[in-house]
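K.L.:
Sequence plus the predicted model coming up.
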Amino acid sequence: MSVTTAPAPPRVYTAGFWLMCLSSLLFFMSFNMLLPELPDYLTRLGGGEYKGYIIALFTLTAGLARPFSGKLADTVGRIPVMVFGSLICFICGFFYPFTVTVAGFLGLRLLHGFSTGFKPTGTAAFIAD
């Protein structure tokens, strides 16, 4: 009499899945943790009347970057787009403590917002594939 065993079910949560979850968590934490402190910091810099512009500029440039990054993800690949967005976002995060002018914050938020249009777009395309 032979004993047969059922084949093991496929793994639903692979290492790639967990890495994608971790990278997305760290990515979103990198700029969402700034939001509670940003208005007070801008007021102390003398840019209280520009708070709305500085915060909105981030969202606007992220939205403008998405079609561009989506096209780039189709031509260059999903992973390079995700890496580019993550790298620029990582670098921008280190410049916040050194940015001491309102104009500097406008520029930094513009660049930081543009970079955040890349990682989520690349991630969504990668997951869809």
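P.N.:
Cool, got the structure.

K.L.:
Point out where the protein drops to low pLDDT.
P.N.:
Of all residues in the chain, those with pLDDT under 70 make up the ranges 1-4.

K.L.:
remind me, longest helix of it?
P.N.:
helix 51-75 (DSSP state H).

K.L.:
Run through who's touching that helix.
P.N.:
Residues from elsewhere that reach helix 51-75 (C-beta atoms under 8 Å, 6 or more residues apart in numbering): 31, 35, 38-39, 42-43, 47, 81, 85, 102, 105-106, 109-118, 120-122, 125. Placement of C-beta: from N, CA and C, glycine included.

K.L.:
centroid residue for this structure?
P.N.:
Nearest to the mean C-alpha position of the chain, by C-alpha atoms, centre = their mean, lies Thr116 at 4.0 Å.

K.L.:
and the strand or helix carrying Met20, how far out from the chain's middle?
P.N.:
Using DSSP states H and E, Met20 sits in helix 15-32. Offset of helix 15-32 from its chain centre (C-alpha atoms, centre = their mean, to the nearest Å): 9 Å.

K.L.:
Report the buried residues of that helix.
P.N.:
When burial is assessed from 16 or more other C-beta atoms under 10 Å, helix 15-32 yields the following buried residues: Ser24, Phe27, Ser30, Phe31.

K.L.:
what do you get for stretch 61-81?
P.N.:
Thr61, Ala62, Ala65, Arg66, Ser69, Gly70, Leu72, Ala73, Arg78, Val81.
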